[in-house]
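Colleague: show me the folded form of this:
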Amino acid sequence: MQELRQPEVLAEAAAGLSRQLLTLLEALGAQMKPHLPEVERRYEKRLKQKGYTAEQCTALTAIAAGTAAKRLASGDTLAVFLEEVQYRGRRLAKLRLTPALVVAALHEYDELFDESLRQRTDWQVPNLEWVRSQLHFLVVLTLNNAFYHVREAESRAFYELFRAEVEARSLSEMLPRFLEVLKEYTGAAEARLYLVGEEGDCELAASVPAEAAVGMRAGIGAGLKKPVSFYLKGEANRRAASLALEESWRERFGTCWSVPLQDGGRLRGVLQFAFPKPYHWLPREQDLLRAAAERCWLATDKVKLLEDLAARGEQVRRLAEHMVEVEEAERRRISRELHDEAGQSLLCIRLQLEMLEQDAAGGAAPPREKLAELREMTEHTILEIRRLIAALSPAILEQMGLAAAIRQLVGRFRRVHPAEVRIHLPRKLDLPKRVEIIVYRLVQEILNNIAKYSLATRVNLLVDSADGCLSIQVEDDGVGFDVDEAFSRGDCYGLSGLRERVALLGGKLAVHSLKKPGTEKQESEGPVGRRAVGTGPAGRRSAKAGKRQARETGQVGIDLHGTAIWVELPLERDGGAKRDAGTRDSGTVMTSERVPRAETHGRTRPAGRRRSGKN
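Modeller: Next up, the predicted model:
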């Protein structure tokens, strides 16, 4: 830590001694100077026997009465000696010694010094005791002042860290403030904070002074998983210097301190401080930096959660606004369709009935053709009304269950999209009504997106229940899209709707998508994944029936172009779906007029039986 000078305190302390005392101290130092090495040797031996470290012994010897007398006899002033006491006192505080232990150690020195003094001088004991008590008072006063400054600096550092955590609104605001506080505490010339990503990559998150570009990548070594202080200059320190993540430090500075940010034993980040000269840290400095690193990571994690919560809140707000718009649009659509289709048909029926009524009033029999036309118009109106009712609330779902409803969705999909669809369903899916409607809407939204955006020629749909979970896997060989970009866009309500429906049941959603070579960037509203996965050779599919081209096999969305969506939903034990291995379809149901090929053309296995990336 940087030196804290207190000239006013030292001057006042020095002024408390009379000229007579200074003269006695100088004379005492002159007489004892030849014998002080022996006293210091015996003193250090006694301290080590009591468990003091070498650094503690050196600092205690430097503030003893014999050292004061020796320095005064050599021409130093008392104020210079008390400055040394101030400096050594701060080191003793950082070496985890309490004031009581320091005073007890000084008494040990006084005993040895008195014994040697009586053997070799004719000093009067009252004069000796008076000199000792005055000097002891000044040393203790200066030590108390030094210990106070160390504790005050530590308290101020933690207070400023707490303020930064409470007042900051984002990571980009909080992390530089954290680093500035710790740089001021340590007295470092420069400081860096690196965060480790989920995949182990290390990225610069904050820099003080703010000269380095935040976001720069750096390789992190195994030696940084524990606190370490190392020198940067010299051939002997070349290996240790490689631990400095900022390469320019190895030439510009002498010492680097490194403190890890850990979470349950896992490395989450690194704090590093650079000093111009060789400067090894002391135990209490290391303790404070460890505690600060722990506080920094906890605060970072909390701010990330708050930012995610704020983002989700904003997304929920946008979804709510969109739902209102969708509801109004749906009302207008239903009104328009009722007016244009059912309304017009009913109007025609009424007119035909009026004409028949007039014919009947004249005694003429109604023509058979008019009656047939009237019946046909009535049937068309009934079908149109049923279509609207089914779109609002599918009756097949209530009457025949989820499997039949999904088959109906596939049939409708086939009428609007010329893709070959392969579906695999259990014969019976006994699910709670709440789960059935959500699964139905999920499949409906996915198929709608494929029909609108994918340009796919093949679609695989698998629904399965096992081990208390319901899994849905949909694959297509379409043009693909950028999952990260689609997820970050605020207007991809299809993606948000899928994620929200899955989250409603506490499930997991994963998406892999790989763009087809030669296609333009897709603004797809495909389901939201955590990230786009990899690049690789896309599979080639034949455009003509009956022909097969050689193509590379692999996973859709990873090795082959197209999109793979996997959903896993937990089912309650008492009311959820129960696995019935004996009631599965004996074969794959095809809803394409083309003859299905036996192989799956490099399609992936069911999502529940393979890795599917991050969920």
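Colleague: I figured Thr53 hits Arg96, correct?
Modeller: No. At 9.4 Å, Thr53 and Arg96 do not qualify as touching, with contact defined as Cβ atoms under 8 Å. C-beta here means a position set from N, CA and C on the backbone, and glycine is covered the same way.
Colleague: which parts of stretch 134-146 are buried?
Modeller: Judged by neighbour count (16 or more other Cβ atoms under 10 Å), stretch 134-146 contains these buried residues: 134-135, 138-143, 145-146.
Colleague: dump that stretch to PDB, restricted to CA.
Modeller: Listed in PDB are the C-alpha atoms of stretch 134-146, where the atom choice follows Å, rounded to 0.1, in the frame of the first residue of the first chain:
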ATOM      1  CA  GLN A 134       9.500   8.700  27.300                       C
ATOM      2  CA  LEU A 135      10.700   6.900  24.200                       C
ATOM      3  CA  HIS A 136       8.200   4.100  24.700                       C
ATOM      4  CA  PHE A 137       5.400   6.600  24.900                       C
ATOM      5  CA  LEU A 138       6.300   8.200  21.600                       C
ATOM      6  CA  VAL A 139       6.800   4.800  19.900                       C
ATOM      7  CA  VAL A 140       3.400   3.500  21.100                       C
ATOM      8  CA  LEU A 141       1.700   6.800  20.000                       C
ATOM      9  CA  THR A 142       3.200   6.500  16.600                       C
ATOM     10  CA  LEU A 143       2.300   2.800  16.300                       C
ATOM     11  CA  ASN A 144      -1.300   3.500  17.300                       C
ATOM     12  CA  ASN A 145      -1.500   6.100  14.600                       C
ATOM     13  CA  ALA A 146       0.000   3.700  12.000                       C
END
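Colleague: now distance to Gly66 and pLDDT too, for the buried residues of stretch 134-146, in JSON lines please.
Modeller: Listed next are the buried residues of stretch 134-146 as JSON lines, based on distance: Cβ to Cβ, whole Å; pLDDT from 0 to 100:
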{"residue": "Gln134", "distance to Gly66": "15", "pLDDT": "78"}
{"residue": "Leu135", "distance to Gly66": "10", "pLDDT": "80"}
{"residue": "Leu138", "distance to Gly66": "15", "pLDDT": "85"}
{"residue": "Val139", "distance to Gly66": "12", "pLDDT": "88"}
{"residue": "Val140", "distance to Gly66": "17", "pLDDT": "88"}
{"residue": "Leu141", "distance to Gly66": "19", "pLDDT": "89"}
{"residue": "Thr142", "distance to Gly66": "17", "pLDDT": "90"}
{"residue": "Leu143", "distance to Gly66": "17", "pLDDT": "91"}
{"residue": "Asn145", "distance to Gly66": "22", "pLDDT": "91"}
{"residue": "Ala146", "distance to Gly66": "20", "pLDDT": "92"}
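Colleague: now tabulate these in JSON lines and tack on secondary structure.
Modeller: Written out in JSON lines, the entries for those read as follows (DSSP: H, G, I helix; E, B strand; the rest coil):
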{"residue": "Gln134", "secondary structure": "helix"}
{"residue": "Leu135", "secondary structure": "helix"}
{"residue": "Leu138", "secondary structure": "helix"}
{"residue": "Val139", "secondary structure": "helix"}
{"residue": "Val140", "secondary structure": "helix"}
{"residue": "Leu141", "secondary structure": "helix"}
{"residue": "Thr142", "secondary structure": "helix"}
{"residue": "Leu143", "secondary structure": "helix"}
{"residue": "Asn145", "secondary structure": "helix"}
{"residue": "Ala146", "secondary structure": "helix"}
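Colleague: from Arg387, how far off is Ala222?
Modeller: From Ala222 across to Arg387, the span is 65 Å (Cβ to Cβ, to the nearest Å).
Colleague: do His35 as well
Modeller: In this structure, His35 and Arg387 are separated by 112 Å, where distance is defined by Cβ to Cβ.
Colleague: neighbour count for these two, which is higher?
Modeller: The residue with the greater number of neighbours, taking His35 and Arg387 and applying other Cβ atoms under 10 Å, is His35; the counts read 16 against 13.
Colleague: so what's the more buried one closest to, chain neighbours aside?
Modeller: Residue nearest to His35 in three dimensions, not counting chain neighbours: Ser116, with 5.4 Å by Cβ to Cβ, 6 or more residues apart in numbering.
Colleague: would you verify that the one you found is located in a helix?
Modeller: Yes. For Ser116, which was evaluated using three-state DSSP, the result is membership in a helix.
Colleague: still on that earlier bit, just put the buried residues of stretch 134-146 in TSV and tack on distance to Leu82.
Modeller: Conversion of the buried residues of stretch 134-146 to TSV gives the following (distance: Cβ to Cβ, whole Å):
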residue	distance to Leu82
Gln134	13
Leu135	10
Leu138	6
Val139	8
Val140	11
Leu141	9
Thr142	5
Leu143	10
Asn145	10
Ala146	10
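Colleague: those helices in the stretch 351-500 of the chain, which residues are they?
Modeller: With helices called from DSSP state H, counting those that start in this stretch, the stretch 351-500 of the chain shows them at 368-392, 395-400, 402-416, 433-449, 483-488, 493-504.
Colleague: so which of the ones you listed is nearest Trp130?
Modeller: Trp130 lies closest to helix 483-488 among these, at 79.2 Å (Cβ to Cβ).
Colleague: packing partners for that closest one?
Modeller: Helices and strands touching helix 483-488, by 3 or more Cβ pairs under 8 Å, 6 or more residues apart in numbering; DSSP states H and E, are strand 508-514.
Colleague: please pull up the helix or strand immediately following the strand it packs on.
Modeller: strand 562-570 (DSSP states H and E).
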